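In: Structure, please.
(one chain, ligands or ions: 1)
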Amino acid sequence: MNRQPKVYVTRLIPEAGLQTVRETCHARVWEGKLPPPRDVILREVADCEGLLCLLSDEINGTVMDAGELRVISQFAVGVDNIDLTAATARGIPVGHTPGVLTEATADLTFALLMAAARRIPEGVDFVRDGGWRTWEPLGLLGAQVWGATLGVIGLGRIGTAVARRGRGFQMRVLYSDPRRHPELEKELGLEYVSLEELVEQADFVTVHTPLLPETRHLIDEGTLRAMKPEAILINAARGGIVDADALVRALEEGWIARAALDVTDPEPLPADHPLVRMPNCVVVPHIGSATVRARNRMAEMAAENLLAGLTGERLPYCANPAVYERES
Ligand code: GLV
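Out: Have a look, this model is predicted:
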């Protein structure tokens with residue numbers, strides 16, 4: 001009988017993937033609601049060949065060296081919590097879950113955009129607090145989405161899916177990206193502009209880049225001051241792309257009108273953080289991919305990546321393909 005490889009899973013994930021992992025591996029699963037503490041991860045990986053982790057776990061060279069990992073499988077598309085260079089240098093393939101959460105995250109981005117534009121959370125609070133006494137000609141006036149200008153920073157999978165939604169609302173869609181996408185420009189009628197032009201012209205600025213050293217604080221004081229005073233910023237990518245202190249000032253001092261955030265820096269934000277308390281900021285707890293369909297598929301992909309790595313096969317969804325070039 002084959003020996004079952006030992007793996008550590010840092011949180012309960014949907015059974016769609018966890019069941020396979022439990023059936024094929026000797027799996028230890030952290031069942032806490034909060035992430036496992038660092039010392040627990042270090043102890044647990046010591047005798048494991050596989051690690052299935054979340055974006056809230058920091059996986060660096062120290063964790064990799066604590067055991068003899070043959071694969072790291074992340075239950076997310078973004079892998080900024082994992083030191084990919086360290087993994088590649090150690091010959092450890094890192095799996096992730098691209099594609100299956102694109103539409104869910106684009107839906108959430110648009111939900112945030114609409115919620116901020118039409119001041120939905122303020123309206124809900126107003127009704128709950130007993131403020132609704134009559135129809136108000138001047139109450140809760142927001143911004144029209146239909147026909148407005150949308151600026152998409154980063155035209156990857158999710159940025160493109162958001163651009164499509166914008167076109168459905170007859171928006172003029174500008175995008176900035178390290179490279180041009182002529183086919184998408186033609187298919188969707190998008191306009192390629194510089195970041196400067198985008199922030200100056202857009203009524204809605206939405207961020208869809210990975211978090212990299214060059215995108216950290218891409219939205220800083222200068223960018224926020226360059227935006228229109230009536231503009232709305234949406235971030236459903238990674239918190240670190242926006243300078244949170246500058247954003248607080250921008251919202252307090254009216255450099256921009258409103259913001260809507262699915263991701264923050266720090267994450268999670270404490271309940272007494274100014275961004276949580278401000279009426280012109282909508283914050284939700286990193287739920288971009290939180291649909292049953294997307295999370296089930298993510299779990300299946302994370303399991304597929306884990307099992308492929310354990311049997312020495314190429315990961316079907318690999319975040320550091322350079323690891324294979326290194327071996328040949
Ligand atoms: C979610 O943020 C992800 O990267 O999958």
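In: Do me a favour and average the pLDDT over stretch 275-286.
Out: Stretch 275-286 shows an average pLDDT of 98 in the prediction.
In: got the end-to-end distance for that stretch?
Out: 15 Å (C-alpha to C-alpha, to the nearest Å).
In: Would you mind listing the outside residues contacting that stretch?
Out: With contact meaning C-beta atoms under 8 Å, 6 or more residues apart in numbering, stretch 275-286 is reached by 108, 112, 115-116, 120-122, 244, 247-248, 251-252, 257-264, 267-270. C-beta: built from backbone N, CA, C; applies to glycine.
In: same thing with stretch 84-92?
Out: 59-61, 64-65, 69-72, 93-94, 319-320, 322-323, 326-327.
In: Buried among the contacts of stretch 275-286? Need that as a selection in ChimeraX.
Out: Selection of the buried residues among the contacts of stretch 275-286 in ChimeraX, burial being defined by 16 or more other C-beta atoms under 10 Å:
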select :108,112,115,116,120,121,122,244,247,248,251,257,258,259,260,261,262,263,264,267,269
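In: From L140, how far off is I287?
Out: Using C-beta to C-beta, to the nearest Å, we find I287 at a distance of 24 Å from L140.
In: And the two? Which one has more around it.
Out: I287 (15 against 12; other C-beta atoms under 10 Å).
In: residues contacting that one?
Out: For I287, the contacting residues are L108, D262, by C-beta under 8 Å, 6+ apart.
In: Quick check on C318: phi, psi?
Out: phi -110, psi 130 (degrees, to the nearest 10).
In: pretty sure it contacts V94?
Out: Yes. Shown here, C318 and V94 form a contact pair, counting by C-beta atoms under 8 Å, at 6.9 Å.
In: neighbour count winner among these two?
Out: Set C318 next to V94 and count neighbours by other C-beta under 10 Å: V94 wins out with 28 against 19.
In: ok, that one touching N320?
Out: Yes. With contacts counted by C-beta under 8 Å, V94 reaches N320, the gap being 4.9 Å.
In: quick one on the thing from earlier: mind checking which of the contacts of stretch 275-286 land in strands?
Out: R258, A259, A260, L261 (DSSP state E).
In: Compute the distance between the first one and the ligand, please.
Out: When C-beta to the nearest ligand atom, to the nearest Å is the yardstick, R258 and the ligand sit 22 Å from each other.
In: The second one now?
Out: Between A259 and the ligand the distance, using C-beta to the nearest ligand atom, works out to 18 Å.
In: Contact partners for that residue?
Out: A116, I232, L233, I234, N235, L247, A250, L251, L275, N280, C281, V282.
In: Tell me the confidence at the second one?
Out: The predicted structure scores I232 at 99 on the pLDDT scale.
In: Can you name the residues of the protein that neighbour the ligand?
Out: By C-beta under 6 Å from any ligand atom, the residues of the chain that approach the ligand are L55, A76, V77, G78, L101, G288, S289.
In: Quick one, which of the residues you listed are buried?
Out: By 16+ other C-beta under 10 Å, these give L55, A76, V77, G78, L101, G288, S289 as buried.
In: could those residues go into JSON lines alongside secondary structure?
Out: Below are those laid out as JSON lines (DSSP: H, G, I helix; E, B strand; the rest coil):
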{"residue": "L55", "secondary structure": "coil"}
{"residue": "A76", "secondary structure": "coil"}
{"residue": "V77", "secondary structure": "coil"}
{"residue": "G78", "secondary structure": "coil"}
{"residue": "L101", "secondary structure": "coil"}
{"residue": "G288", "secondary structure": "coil"}
{"residue": "S289", "secondary structure": "coil"}
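In: Of the residues you listed, just say which sits nearest to H26.
Out: Set against H26, the nearest of these by C-beta to C-beta is A76 (24.1 Å).
In: Does that closest one touch S56 like I think?
Out: No. Taking contacts as C-beta under 8 Å, A76 lies outside contact range of S56: 9.3 Å.
In: Straight-line length of stretch 235-245, end to end?
Out: Stretch 235-245 end-to-end distance (C-alpha to C-alpha) = 15 Å.
In: Mind listing what's buried along that stretch?
Out: N235, A236, A237, R238, G239, G240, I241, V242, D243, A244.
In: same thing with stretch 30-45?
Out: W30, P35, P36, I41, E44, V45.
In: Can you tell me what sits against that stretch?
Out: 8-12, 28, 51, 54, 56-58, 62-63, 66-67, 69.
In: and what of stretch 139-150?
Out: 113-114, 117-119, 122-123, 126, 162-163, 166, 169-174, 201-204, 206, 230, 232, 257.
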